[in-house]
Every structure is written in structure tokens, then in C-alpha cells.
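Colleague: Got a predicted structure here, sequence first:
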Amino acid sequence: MVFSMLVNRKLHNALMINKFYVNYFLLFFLLSIALSAKGQQQSARQHLNFDRSWKFSPGNAADPEKDFNYGIGNIFSKSGETSNTCIGVDYADSSWQNVRLPHDWVVKLPFTYVKNDDIDAHGYKPVGGLFPQNSIGWYRKNFTIQKADSGKRFELQFDGVYRDSKIWINGYYVGGHSSGYTSFAFDITDFIQFGKKNVVVVRVDATQFEGWFYEGAGIYRHAWLNSYDNVHFKTAGGVFVYSSITGDKAKVFLKNAVENKSLRTLADSVYSYITDRNGKIIVKGRKLPVSLSVNGVGELTDSLAVSKPRLWSLDDPYLYRAISLIIKGGRTVDSTMVRFGIRSLRFQSDSGFFLNDKPVKIKGVSCHQDHAGLGTALPDYLQFYRINLLKKMGVNAYRATHNPPTPELLDACDSLGMLVMDETRLLNSGQEYEQQFRDLILRDRNHASVFMWSIGNEEYVTQRTDIGKRMAQHQLLLQQELDPTRTSTYAANLGNYYPGVNEVIPVRGFNYNLTGIDAYHKQHPLQPIIGTEVASTVTTRGIYVKDTVRAYVPDHDITFPSWASTAETWWKIADERKWFIGGFAWTGFDYRGEPTPYRWPNVNSHFGIMDMCGFPKDIYYYYQAWWTDKDVLHISPHWNWKGKEEQPIDVWINSNADKVTLFLNGKNLGTKAMPRNGHLVWSVKYEPGRLQAVGYKGTRVIKSTVETTKQAARILLTPSKLKLTADSSDAVVVNVSVLDKNGREVPDADNLINFTLKGSAEIIGVGNGDPSSHEHDQCARGHWQRKLFNGKAQVIIRSGTRPEAFTLSASGSGIQSANLKIEQDKGE
Ligand code: GAL
């Protein structure tokens, strides 16, 4: 019953949206223009990046002496007691490592074989309960705040610390946070020594895992120091921007939560306005009076009309800005800026999902958050890089599995036009997990990209029970309270089983088991259905023969574990059913851990449509052929099969051409019609030379070739961009391959390549997508190096501070080196 009420609510609501992410750099730029125009004073709010100049040391979960006496110093006996630990202000930390955030200490640990399912699932890195010497990390950072600022409030914000963190300022315990995935902030005003040295100390305890995939450890997302007036917008959920659309008009609602931490009752006013993305004011709101008791919170909602709104869509992800100000006696004391999109969302059980009233089939991927060379500590640029790769493949939706993503991932999705299913870590309505879901919604509900929430994934036992149903109901009500503009799903691996969570979930999520959906749909015609997780096809890039020793599976759409399917199987099911919303293929990229179907020496998953570096596997072209309008004509495998002369080789063509003719060294091997959502295979007797496919698409002809290459002669470096901002945060991805003397990429090369960098920038990680590689992702014994895996490797470089060019050099034995010059400027 409750379920159908929720569904009906959804069906009758044209859902709309909002966005909340405070980009303060832009904020101040825009505000200074806007406010100077109005002759008002700029507010004092600051959002300072707190990533630099941290000291780091491992501790020890089993030996208090190696854990800086934590556990034997009675630090919780008195306020500010630090005993003989490393928590005190004057502790000498000069021998600790210098690190800057984001920082994942696990990425440097060696791969280690232990017969244990959790270690296997986490990619054979020695962290967790079995490795107490690697599972505690201590961080310290000094900072100063001027006396002149002593009237403000200060807040320390962490966007992700894995996990179980405890935080002290100047020896005073400020609080702890157990989740490794949600953002959190503490008001630290009371503990600050103005005009003197302050020290923040963070103890991170990664003894306990949260997931069953590589999770890293440390302060692996950004940290921020926020400061603002005593009267301010609340950090969590302070401004909620959402909209409704009728005809060619939109109403934008701004729900502002104002908090009074001053010592007096106050009467102020709140005022909001909306600008276009260039900062031009479009519409101004009303001055809304607010009176606040001491420690009181006032909530005010204004609604502003935008006529002929430019709607946020996948092809035109247009973002407006909503600016809210708190005005006290004519002076602006606080201001925030939210980038938001105006668009509607609708889920219909009989016809699928609609964005701005247009049907959109979800061509989605699930992803974990780690990347080759970096573990979980990604520069923001990598978020944009990865989402861009997915867009090019034709992906229109991203499922953040199985945890809240970093805010920068959502920024990338907002800006590039990618829908997001935002998932809380697990299904539980107890205080801790209710809070995690609350934090997630309050943080992310203004993001245009977020189109639905997920309240959990595959709670094997619980999902069938009354307890599961009650917990789900609790979380769904919370979601409706905090964000009535969206709906939720739950990723159930239950086939067409119904009782339990499925009784109350507004949108039924199927993990695999898609053969059950027709019967389920018939029995539950009012419940929209989505493939929350599908595929799990396993492939290794550039491998065409199953290799159980090195632990590789062929790079064709043929291998999958018992619960899973080929790409072709699930996508045909999805494409043929109008009412089926679409699905999220497991996974967009390989990730560390879950080496299914193997174990050691395999340390990475094979589920990715791209490998850990983002290099496409062949299956990528299957999806690209059927998910985009681009001309796709992809031949696999490569044509370097020395020793296999005269033997038959299966040649796959992934294409969206109507028909394809294949030629080997000019000889016509026949023409075949391409089945919709399918692929073509020829069995070809190998002879070296040139394999050419000619595709006929309507009246057009498209061509593609693979050739037998000679051995590697020189290195090719291909950067993702040629200019960086010299802010020591920007990054570039440089892909590495080798060419033969005729300039052809050698697809099976495995040369060892050495990298050096001259100039103001630094290499921060290397990778090659080999799921069984145990090479160093980081600098080892002073060297950066990596073997090519099936012709490819990757170097990731972070910018420096000087606006001048740097050079990356790559060398290898018996081949010509390459130098790549990349410019750096101060940015805009
Ligand atoms: C699913 C699970 C994912 C991953 C996947 C591998 O059941 O939700 O996290 O383990 O299987 O196929």
C-alpha cells in the first residue's frame, strides 16, 4: 500500500531539480561583480583549500607504543589531555613524511598474498585487521588564524576520510567520524589560538573494511577550512535549490537555513537572486525577514520565476547560479552560491524514465572510485577525465557504487551532462546509517546530475525480511522529507521475488536476473523497473586466449560469472522493452580488487568496459556502436599472431553499420548484415598483413583496418591536454604506446618504459591496465617506470606552482625515447 502511494506520488509528480555545490572561487568572483553593482559589501565567508603541508606517519593498531602511545595515554580523562601521544601541539613531527591531500597510503603498499576473502576482494594490499602495522595513519598540520579574524566562526571540513577518523585541534578532541565515504565538518572555533600556531591532528583507522573492493586508506579527498559570520547559512543543507516547470516557465525555490551562533537574538533578512552561468542577474527575490534566537535556525523559502528556462539536459547541461545573502543592517554578512540546473524527472512504470518530458533509456555504468596509479586519491581533473571517457562511449548515467562519491565527481557530471544514481553505503535505518543517508542527501540534493537515490545494494538476507522492509521504509521517508523532488531505488539481487524491501521501494531495482522482469512487470504494473546492476562481463584488454596462469580472460563479449551475462544479452533485453528504464553495466572501469573469476596473482577486477587506466576494451565498441550515433567499425583482435599462421582466428566486428565486408590482404571474406544490438564474427585463417572492414551505413561507406606490425621502434606520448594551470592541483593524463618503424602502434608490446620529469610538476602515478601486474604504481627506489601491457601504459602528472613548461621524458631499451613538453600558466 505504502509502496503504491509512493509510486503514485511519483507518477503524478513531474519531478524537478536543483543543485547545491558551493564553488567559492567562482562565488567570490560572481559576488564581487553582483555586489559591487548593488553597492553592497562582500560577505566574509571563506572556503579555503586545506590540502597542503600535512605531515603523515603510520601508527599501529596492535602496538600502542608504535601508535604514539594511543591507547595507553589516558587522553579522554580530561579535556585537552594529550598525554605522551602525538596529539599535542608541540609534538615534534619533523621526521614524519610530507604529504598533501588527497592521500591514500595503501597505494604504496606492496601486493601481498594472504589466503583471505577480504584481502582478495580488496586487491591483495596488506591493510585491514590482519595488518595492524599498515592500518593506522596519523596526520598533523599546522595553521595560523589572525587575531583580526577572532570574531568569526571556523569549521574544518573533510570530504572523505577512510575511515573511522578522530580529530583534535590543539590537543582538544573535536569529534570522530566512522564512515569512510560521507563528507563531514566540525565547528572548531572554540579551540583556535588566534595569532598563534594551531595544530590539527587526525587519526585514521582502516582496520575494518566497509566494502568488498579496493577502498584505500587516509584523507583521500579534499579538506577545507571554512569561515563565516556568526550568523550564517548552515553547512549541511543550508541552501536547497529546486524547481518546477510549467510550460515555458520555471519556478525556482530557494530554501535557506540560517543559523545564529552569536550571543544575541537577531532580526536580519535573507535575499536571493539567480544569475545565468556568466553571472548576469536574471531574477531577484524578495528580502525575507528572519528573527533568530540564540542558537536558533530559521528556514525561509523564496520562489523566483524564470521564464523560458534553458533546461539542463544530457546534451546541454546548462547550469544557473542561485545566490543567497544574509543582510544585517544593510551589510551582507554571509553569502552562498549554488550551481543548479532546471529540469524535470519522471519515472513511469509503463514507459520508462523521462528527462524534461523526453524519454531517456538509461545507458548506465556502475563505478568504484579508484584509478590506476592513484588508488582513491584522485586530482579533480581525473573526475572530469573519467566522466568524459564514459560520455564518449555513449554512457548517460553513472551509478556511484556502493558509497557516496566525492563532490567533484558530481560537479563533473553536472557540467558534462551525466545522470547519477547516488547510493548510500548500505541499507540500515539505525542512527549511524540514517545519518549517512541524511548527510548524502543534504550534500548532494542540489546537483542537477543526481536523478535518483539508492538506499542500498544486495543485502542478501535482509532484503527479503520485514526488518529490511521497515528499514527501507524509514530511509524512504527520510528521503522524501529531505528531498521530495526525487525518488529512490534499491539494488536487489532477488530476481522477481517480491516481499521485503520490494514492497515499499518506489522504483524496483534488478541486479542481474533480467529474465524475471517480464513476469515481475506483469505482476507489479505500477512499479517502474530499472536494471540497477547488469552485465558483469569479464574481459582483459588485448588478451584473446584464456590464460589461467597469468589470470586473463579473452577480450570478447563471452565470459561472465554465474549471476551475470554478456553485454549483448542484457542490452537486447533493455532495448526491446519501452517500460524498462535501462540499466547500469557493472562496471565502467576496472578497479582494484574483486579479481573474479580468478584469485592471486590477479589483483584487479576484469569487469570494466575500460581498464583501470581508461583504455577501451573491445566490449567498449559494442556499447559505443549501440549507444551513440557515431560511426563505429571496430575490428578485433589485433593482427600480430606470429606462429599462428594458417590457424583459424575469430575476428569480431563491433559496428553500427547496416552490413560489413571483411578483406584479408585484399581478399574478400564475405559480407554480413549486422543484427541490431549484435556483432559479427568471421573465422579467418591467419596470415600476416592487412585486415580491412568496410561498413555500409545508409548511403555511406566507413572503413577500418588492423595490420601486422613490426617490432617497436619508438615511444609515443599522448597527453590529454597541452596546458595546465600552475596551481599544484591541476593534472594531465599521458598515455604511452610504442610505434613500429612505419608509425603503427604495436598492440602486443610489453616494453619497460622509464619516466623522468624536468620542471615544476610531478608524476603522481603510473599504470598499464594489467589486472595481474604487481609493479609499483608509485615511485620506487627513485624511479618511475612501467611496462606496457598490450601496448599501453599511463602516467599521471600533477601541475606545479611555477607558470612555466615542464618536460616528461620516456625511454626504453632499444627504442627511441620521447619527450613531451607541457605548458603551464596561471589560469584565468
Ligand atoms: C554484485 C555486487 C557488486 C560486484 C558485482 C560483481 O553482486 O553488487 O559489488 O561485487 O556483483 O559481479
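Modeller: Received the coordinates, thanks. Numbers count the residues shown, from 1 in each chain.
Colleague: Could you use CA atoms for every contact and neighbour count after this?
Modeller: Fine.
Colleague: And what about the closest residue in space to L478 that isn't next to it in sequence, helix, strand or coil?
Modeller: Distances taken as Cα to Cα, 6 or more residues apart in numbering place R438 nearest to L478, at 7.4 Å, with adjacent residues excluded. Using DSSP: H, G, I helix; E, B strand; the rest coil, the structure places R438 in helix.
Colleague: for R438, what are its contacts?
Modeller: 478-479, 482 (Cα atoms under 8 Å, 6 or more residues apart in numbering).
Colleague: One more pass at 10 Å, please.
Modeller: Going by Cα atoms under 10 Å, 6 or more residues apart in numbering, R438 touches 182, 236-237, 424, 432, 444, 475, 478-479, 481-482.
Colleague: and if you look at F607?
Modeller: 535-540, 560, 585-591, 594-597.
Colleague: go on, T540?
Modeller: The contact partners of T540, by Cα under 10 Å, 6+ apart, come to 546, 551-556, 590, 605-611, 617-618, 769-771, 790.
Colleague: And those, which of them are buried?
Modeller: 551-556, 590, 605-611, 617-618, 769-771, 790 (16 or more other Cα atoms under 10 Å).
Colleague: so of those, which ones are in helices?
Modeller: Counted as lying in helices by DSSP state H, out of the buried ones among the contacts of T540, are D618.
Colleague: E432: what secondary structure?
Modeller: Once three-state DSSP is applied, E432 turns out helix.
Colleague: Ranking helices and strands of the protein by mean pLDDT, which lands last?
Modeller: For the chain, scoring each helix and strand by mean pLDDT, DSSP states H and E identifies strand 15-16 as the least confident one, at a mean of 27.
Colleague: Okay, now the unreliable bits of this structure?
Modeller: Regions of the chain meeting the criterion pLDDT under 70 cover residues 1-43.
Colleague: how does it look with 80?
Modeller: Flagging of the chain using pLDDT under 80 yields the residue ranges 1-43, 828.
Colleague: Please enumerate the helices of the stretch 401-550 of the chain.
Modeller: Remark: helices assigned in the stretch 401-550 of the chain by DSSP state H, counting those that start in this stretch are 407-416, 431-444, 466-482, 517-523.
Colleague: ranking these by burial, who's on top?
Modeller: helix 407-416 (a mean of 23; mean count of other Cα atoms under 10 Å).
Colleague: secondary structure class for W570?
Modeller: Classification of W570 by three-state DSSP places it in helix.
Colleague: Make sure it is actually in contact with F510.
Modeller: No. Counting by Cα atoms under 10 Å, F510 is not a contact partner of W570; they are 11.6 Å apart.
Colleague: Give me the buried positions along stretch 168-184.
Modeller: Applying 16+ other Cα under 10 Å to stretch 168-184 flags 168-174, 176-184 as buried.
Colleague: out of those, who's nearest L633?
Modeller: Ranked by distance to L633 (Cα to Cα), those are led by Y181 at 40.2 Å.
Colleague: you'd agree the closest one is up against T406?
Modeller: Yes. Y181 is in contact with T406 according to Cα under 10 Å; the separation is 8.0 Å.
Colleague: For the two, list the residues in contact with both.
Modeller: 159-160, 220-221.
Colleague: farthest-separated two in the residues you listed?
Modeller: Applying Cα to Cα across the shared contacts of Y181 and T406, the maximum distance is between D159 and Y220, 8.4 Å.
Colleague: More neighbours: these two, which one.
Modeller: Y220 (29 against 21; other Cα atoms under 10 Å).
Colleague: so who does the more buried one touch?
Modeller: Residues near Y220 by Cα under 10 Å, 6+ apart: 51, 100-105, 158-163, 180-181, 375-379, 406.
Colleague: do that again at 6 Å, thanks
Modeller: Counting by Cα atoms under 6 Å, 6 or more residues apart in numbering, Y220 touches 102-104, 161, 377.
Colleague: Name the member of these with the most neighbours.
Modeller: Counting neighbours by other Cα under 10 Å, V161 leads the contacts of Y220 with 31 neighbours.
Colleague: What about it? Give its phi and psi, please.
Modeller: Per-residue torsions, V161: phi -130, psi 120 (degrees, to the nearest 10).
Colleague: how near is S728 to D51?
Modeller: In this view, S728 and D51 are 11 Å apart by Cα to Cα, to the nearest Å.
Colleague: So for these two, which sits in the more crowded spot?
Modeller: The residue with more neighbours, out of S728 and D51, is D51; 21 against 17, by other Cα under 10 Å.
Colleague: Now the more buried one. Nearest residue, chain neighbours left out?
Modeller: Closest residue in space to D51, ignoring its immediate chain neighbours: L101 at 4.6 Å, by Cα to Cα, 6+ apart.
Colleague: go on, A726?
Modeller: T801 (4.7 Å).
Colleague: thinking again about what came up before, quick one: which of the helices of the stretch 401-550 of the chain is nearest Q816?
Modeller: helix 407-416 (37.3 Å).
Colleague: need the helices for the stretch 151-300 of the chain, in chain order.
Modeller: Ranges of helices in the stretch 151-300 of the chain, per DSSP H, counting those that start in this stretch: none exist.
Colleague: can you pull out the strands in it?
Modeller: Assigned by DSSP state E, counting those that start in this stretch, the strands in the stretch 151-300 of the chain fall at 153-158, 165-169, 172-177, 184-187, 197-205, 223-228, 231-233, 239-246, 249-260, 266-275, 281-284, 288-292, 297-307.
Colleague: name the helices or strands packed onto the fourth one?
Modeller: Spelled out, that is strand 184-187. strand 153-158 (3 or more Cα pairs under 6 Å, 6 or more residues apart in numbering; DSSP states H and E).
Colleague: Pull out the buried residues from stretch 281-298.
Modeller: So stretch 281-298, judged by 16+ other Cα under 10 Å, has buried residues 284-285, 290, 292-293, 297-298.
Colleague: Just give me the closest of those residues to S227.
Modeller: Taking those together and measuring to S227 by Cα to Cα, the closest member is V297, at 18.0 Å.
Colleague: Which residue would you name as the spatial centre of this structure?
Modeller: Central residue of the chain (Cα atoms, centre = their mean): L409, 4.5 Å from the mean position.
Colleague: And for the nearest residue to it once chain neighbours are set aside, the neighbour number?
Modeller: Using Cα to Cα, 6+ apart and skipping the chain neighbours, the partner closest in space to L409 is Q383 (5.3 Å). Q383 has 20 neighbouring residues, counting by other Cα under 10 Å.
Colleague: For Q383, what is the enclosing helix or strand?
Modeller: helix 380-393 (DSSP states H and E).
Colleague: what does that helix contact?
Modeller: The contact list for helix 380-393, computed with Cα under 6 Å, 6+ apart, reads 409, 412, 624, 731.
Colleague: cool, stretch 208-217 as well?
Modeller: By Cα under 6 Å, 6+ apart, stretch 208-217 touches 104-106, 121-123, 128, 162, 376, 592-594.
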